[in-house]
Structures are given as structure tokens and as C-alpha cells.
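A.B. asks: Predicted structure and sequence below. I'll ask about it afterward.
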Amino acid sequence: MHPYQIALGTLRGMFDTLLLMILGLGLLTSSQNYMAQQYTLPTTVQATVLKWAAVADHIARQADIPREVPLVLWFKENSMQAVNPDLCTGIIGAYDLVRSGDLPCFTPGPITDIEVSSQLALAAVEFKKRCPEITYLTQDPATIQKCYFAYNAGMGAAARLDPDQSAYVMNNYDEAHTNMLYSDIELGTVRVTQLGAWPTHLAMQSMIIAQLDDPDKPLSLTILDTMTRAYDWLNYYLSTSANASNSTLNFPANRSLTAEGCLGVPHSTGNTALRPTLNPVTEFPILTQDVHGCNYALPGVDISSDNRAAVLQAPLPGEITTYTDQWYNSTIRIENDEWVVLLLHPRSYLIREGIVKRGEAVGIMGAVGNATGPHVHYTIYDKRNETFVDPALFLP
């Protein structure tokens, strides 16, 4: 076996072990008193919610769904037990996906925390697929209820039927939704006593707010972020090199930028050595959305990759700074005498603040902040003409 593979395998094993430790810390640092709410969850479920709150938030941000959803689905499908049921559907109730062959049978029996995390991520992606209109910031009850219904009954049923009549979604929400009837292929028709997804969502929401929105963030969340960055940094430097290709992006043949009125004409003189010329995504870049963002003063293009953890490179030389903006987007900013570029959503930074060379690795592509999946939002500002410009004019 190649020494790199051995080193990387060891690194991944260490990272997985540390994740387990982080989950334990999540439980230890969540000893705040949980005040009695209208919708009471069993004590063991409360403890599990607090233990997994930080990890669920991370998963939800990547999938762009509300942070309560992964844990609600786990509760509804398997009572938050880390045990795959005998039906092959896993802890996330993936009946349709297993039956269609999209996913293999989840081996019945106890599973590790790593496997729990993996299944919650799968559920989050499927939830978003069945309800694309939902986002991490969605608070509208009707939308969230409809999305839970779509996850349970399918998109077709959610389009035709009222989620208010669904026991899976609304049971025990109030007196009018008590002990509702539920029909299922496996269970038949039964009278439900467990909380529906919506009241469970509300109960978990109050717990997660106390856990994650406290001014003093839990130690587990800080450690999780630090270890992710360390893993990405070591993984990159153990690898042979980044694939610094400059593949051509496939822009639409008939582009219309009239809606983006904040774009101007870039200057054509000046020092060409300072001009941004590289694609920030080094590995198999894919254009996922053309220019947008004038409404929040960050016009740019979205670029993703077949590799969801692709290395990001500096498109130009300059001084690099890193920060989190007002929308919670992690940001890499590189500035020289003539240009400023912004790379949004990296999950890790690979370089310290200071001077950076063109083509130097600066981060790992991610989905931190207001993002719908791993990608980079690439913005270019022309300091000479004092205007944002179309990044397509600067890409290979």
C-alpha cells in the first residue's frame, strides 16, 4: 500500500475517533436545564438531541434545511435509537430508497456514531430533494409541515393532500390532532400516540436554541470546527498536490446580465500580473449558477466540483484575509492594488492571513453559511473602476 494511503487512512481513523469524543463533549456541555414545554420528549430523547445538536446543525447547513430536521427524522423513523431496524430501512426510514435499489439494505443491528452521522446526512439530502423550496433559514410552519409530509408520503402526496391531516406530521399538536390514524405499507392502519414531526420540531427547536444560540457556544461545536479544518489541512498536505487544472466552464450560450445592474466594465490597462486569471476551484470545476447577488452586494458566480471537498486556489496574488460575514458565510478575501476577489463558503482555510501567490492553495470548498451545497461563490471587484465585474471575463 502506498505510504500516502496508509497515512491518510490513519488520519481518517483519528478523525473519526475524535468525532466520537466531540459527541460526548456535546452531551457534557449541554447540562443546561431544559424547561418543560408544551411538547415533552422522553428524557433519553432530550439527552440525545443535546448530544447531537452541533452535528445536526452542521449536516443541515450543508443540505440547506432547518437544523432541527435531521434529528426530527431520526426521532420519527427510529425513536432516536442507534440501531438499524430489521426492515433494512436504517434509522432514517429509507423504505423507498432501499426498495428502488438507490440505497443498499442497512444491516440490522446496533450502529456507531459515525454511521448515525452518515445516515442523518443521507436523510438531509433526501429531505431537500423532496422539498427543494425549503432552506436552512425557513421558519414558515406550513412549508415545514409540507416538507415533512413529502419526506414521509412522497412529493406526489404532498402536492395533493393536506399535511394537517397527516398523523406523521401533526399528531398530538393540539386537541384536534390527538391520537390520529396513520396508514403505512408495513404497519397497516394504526392509531398513533407518538408526537408528530411538527410538534417534535417545535420541541427540539427550543432545545437547540438553548444549546447553539447561547452567546457562549458549546465547546463541542468549536472542537468540531477546529478538527474539520485540521483534517482538511493535513489531508491536503499529505496528498501529492492539488489538481490545478483550469478547465473551461460551460457558461450559457446566450447570457443575460441585465438583471444584475451592479456590474460594470473592468479596466483593461494596469498591471496584468495583478489580474485574476485562475479558476478558484482546482478540481473539475462546474458552473452551477451564473451571475447573481447584486441584491446583497456580492454579485458573482457559483462554481462547484465533482469533488465535494475540492481545493481552492488564489486566482490572483495579493493579501489574504479570512472571516465570517453577516450572513454567516465563511469568506476568503484576496486584495491587491487593482482587484479584490471573494471566495464564499469554504469549510476550511489552508493558509494564514498575509501575502499569497497566484495558484497557492487557500482553502477547501464547502457549504458554510447560506449555501445549498458545497460550492464557491466567486466575486470580483475592480478597484480602479470602483465596480463589481463579471467573473466570466476572468476565467479560463
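C.D. replies: Everything's here; your move.

A.B. asks: what residue ranges in the stretch 101-250 of the chain score low on pLDDT?
C.D. replies: For the stretch 101-250 of the chain, the stretches with pLDDT under 70 are 184-188, 208-231, 233-247.

A.B. asks: where along it do the helices fall?
C.D. replies: Along the stretch 101-250 of the chain, counting by DSSP state H, counting those that start in this stretch, helices occupy 113-130, 141-153, 155-160, 167-170, 197-212, 219-238.

A.B. asks: Can you tell me the element the residue lying farthest from the centre of the chain falls in?
C.D. replies: Each residue of the chain has a distance to the centre, and by CA atoms, centre = their mean the biggest one is for residue 269: 40.6 Å. Counting by DSSP states H and E, no helix or strand carries residue 269.

A.B. asks: residue nearest the centroid of this structure?
C.D. replies: Centroid-nearest residue in the chain: residue 62, 0.5 Å away (criterion: CA atoms, centre = their mean).

A.B. asks: buried set for whichever strand or helix holds that one?
C.D. replies: If you go by DSSP H and E, residue 62 is part of helix 43-63. Within helix 43-63, the residues that count as buried by 16 or more other CB atoms under 10 Å are 45-46, 48-63. (C-beta placed from N, C-alpha, C; glycine too.)

A.B. asks: How many residues are close by the nearest residue to residue 200 once chain neighbours are set aside?
C.D. replies: Distances taken as CB to CB, 6 or more residues apart in numbering put residue 72 closest to residue 200, at 5.1 Å, once the chain neighbours are dropped. For residue 72, the number of neighbouring residues by other CB atoms under 10 Å comes to 29.

A.B. asks: show me what contacts residue 72?
C.D. replies: 148, 197, 200-201, 204 (CB atoms under 8 Å, 6 or more residues apart in numbering).

A.B. asks: following the host helix or strand of it, which helix or strand shows up next?
C.D. replies: Using DSSP H and E, residue 72 sits within helix 69-78. Per DSSP H and E, helix 69-78 leads on to strand 83-84 as the next helix or strand towards the C-terminus.

A.B. asks: other SSEs contacting that following strand?
C.D. replies: strand 109-110 (3 or more CB pairs under 8 Å, 6 or more residues apart in numbering; DSSP states H and E).

A.B. asks: partners of the strand it packs on, with directions?
C.D. replies: Here strand 109-110 is paired, per DSSP bridges, with strand 83-84 (antiparallel).

A.B. asks: Tell me the helix or strand right after the strand it pairs with.
C.D. replies: Past strand 83-84, the next helix or strand by DSSP H and E is helix 95-100.

A.B. asks: Mind listing what's buried along that following helix?
C.D. replies: Here helix 95-100 shows 95, 97-98 as buried, counting by 16+ other CB under 10 Å.

A.B. asks: How about residue 334: what's its closest non-neighbour residue?
C.D. replies: Leaving out its chain neighbours, the residue that sits closest to residue 334 by CB to CB, 6+ apart is residue 318, at 4.5 Å.

A.B. asks: check contacts around that neighbour.
C.D. replies: Contacts of residue 318 (CB under 8 Å, 6+ apart): 274, 334-336, 339, 355-356.

A.B. asks: hmm, try it at 7 Å
C.D. replies: By CB atoms under 7 Å, 6 or more residues apart in numbering, the contact set of residue 318 is 334-336, 356.

A.B. asks: Format these as CSV; extra columns: pLDDT and distance to residue 384.
C.D. replies: Listed next are those as CSV, based on pLDDT from 0 to 100; distance: CB to CB, whole Å:
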residue, pLDDT, distance to residue 384
334, 97, 16
335, 97, 13
336, 96, 11
356, 96, 21
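
A.B. asks: By neighbour count, which of these wins?
C.D. replies: In these, the most neighbours by other CB under 10 Å go to residue 334, 24 neighbours.

A.B. asks: pretty sure that one contacts residue 316?
C.D. replies: Yes - between residue 334 and residue 316 a contact is recorded at 6.3 Å, counting by CB atoms under 7 Å.

A.B. asks: between these two, what contacts are shared?
C.D. replies: residue 341.

A.B. asks: Quick one: the strands in the stretch 201-350 of the chain, in order.
C.D. replies: 285-292, 300-305, 311-313, 318-324, 330-335, 339-344, 348-349 (DSSP state E, counting those that start in this stretch).

A.B. asks: Show me what the last one packs onto, helices and strands only.
C.D. replies: Using 3 or more CB pairs under 7 Å, 6 or more residues apart in numbering; DSSP states H and E as the contact criterion, the secondary-structure elements in contact with strand 348-349 are helix 219-238, strand 361-364.

A.B. asks: and the helix holding residue 72, what's its mean pLDDT?
C.D. replies: For helix 69-78, the mean per-residue pLDDT is 94.

A.B. asks: Next up, the contacts around the residue lying closest to residue 366 once chain neighbours are set aside.
C.D. replies: The shortest distance from residue 366 to any non-neighbouring residue, by CB to CB, 6+ apart, is to residue 347 (2.6 Å). By CB under 7 Å, 6+ apart, residue 347 lies in contact with 228, 232, 364, 366, 368.

A.B. asks: how about these, which pair is most distant?
C.D. replies: Across these, the longest distance by CB to CB is 12.0 Å; it joins 232 and 368.

A.B. asks: Which element, helix or strand, includes the residue nearest to residue 342 when sequence neighbours are not counted?
C.D. replies: Distances taken as CB to CB, 6+ apart place residue 379 nearest to residue 342, at 4.2 Å, with adjacent residues excluded. Using DSSP H and E, the element containing residue 379 is strand 376-382.

A.B. asks: Can you give the strand pairings for that strand, parallel or anti for each?
C.D. replies: Sheet pairing of strand 376-382 (DSSP bridges) gives strand 300-305 (antiparallel), strand 339-344 (antiparallel), strand 387-389 (antiparallel).

A.B. asks: Dump the ones you listed into CSV; add mean neighbour count and distance to residue 120 as well.
C.D. replies: Shown next, in CSV, are those (neighbours: other CB atoms under 10 Å; distance: least, CB to CB, whole Å):
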stretch, mean neighbour count, distance to residue 120
strand 300-305, 23, 22
strand 339-344, 23, 25
strand 387-389, 21, 38
